[in-house]
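Undergrad: Only the shape, not the letters, is given here:
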């Protein structure tokens, strides 16, 4: 049987995918000016991006494919 703690964080991944799909739907067909002018789409998109960030805090560090990617020089993905 799987570890219930590990299963729990996987639900957050599903949530993040759902939030990202909403962001795509809310911004589809809008250019930047139209997006900013549309208060409803702008607010809904911003909220779902916040939810993605919040859900990401529940993903264990060991499950993240890119560790240390923050643009710091110690990251293997850093440029410069």
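TA: In hand now; what should we look at? Keep in mind that this is a model prediction, so the values were computed, not measured.

Undergrad: so what secondary structure elements neighbour the longest helix seen in the chain?
TA: Criterion DSSP state H: the longest helix present in the chain is helix 4-27. For helix 4-27, the packing partners by 3 or more Cβ pairs under 8 Å, 6 or more residues apart in numbering; DSSP states H and E come out as helix 39-56. For the C-beta atoms, the positions are set from N, CA and C on the backbone; glycine is no exception.

Undergrad: got a list of contacts for the helix or strand bottoming out on mean pLDDT in the chain?
TA: Lowest by mean pLDDT, DSSP states H and E among the helices and strands of the chain is helix 4-27, with a mean of 90. Residues from elsewhere that reach helix 4-27, judged by Cβ atoms under 8 Å, 6 or more residues apart in numbering: 35, 41, 44-45, 48-49, 51-52, 55-56, 58-60, 63.

Undergrad: Write the ChimeraX selection for whichever of these are buried.
TA: In ChimeraX, this line selects whichever of those come out buried by 16 or more other Cβ atoms under 10 Å:
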select :41,44,45,48,51,52,55
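
Undergrad: and the contacts of helix 4-27 as TSV, adding pLDDT and distance to residue 24?
TA: Formatted as TSV, those follow (pLDDT from 0 to 100; distance: Cβ to Cβ, whole Å):
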residue	pLDDT	distance to residue 24
35	96	12
41	97	12
44	98	12
45	98	9
48	98	10
49	98	12
51	97	14
52	97	12
55	94	16
56	93	18
58	91	22
59	91	21
60	90	26
63	84	24
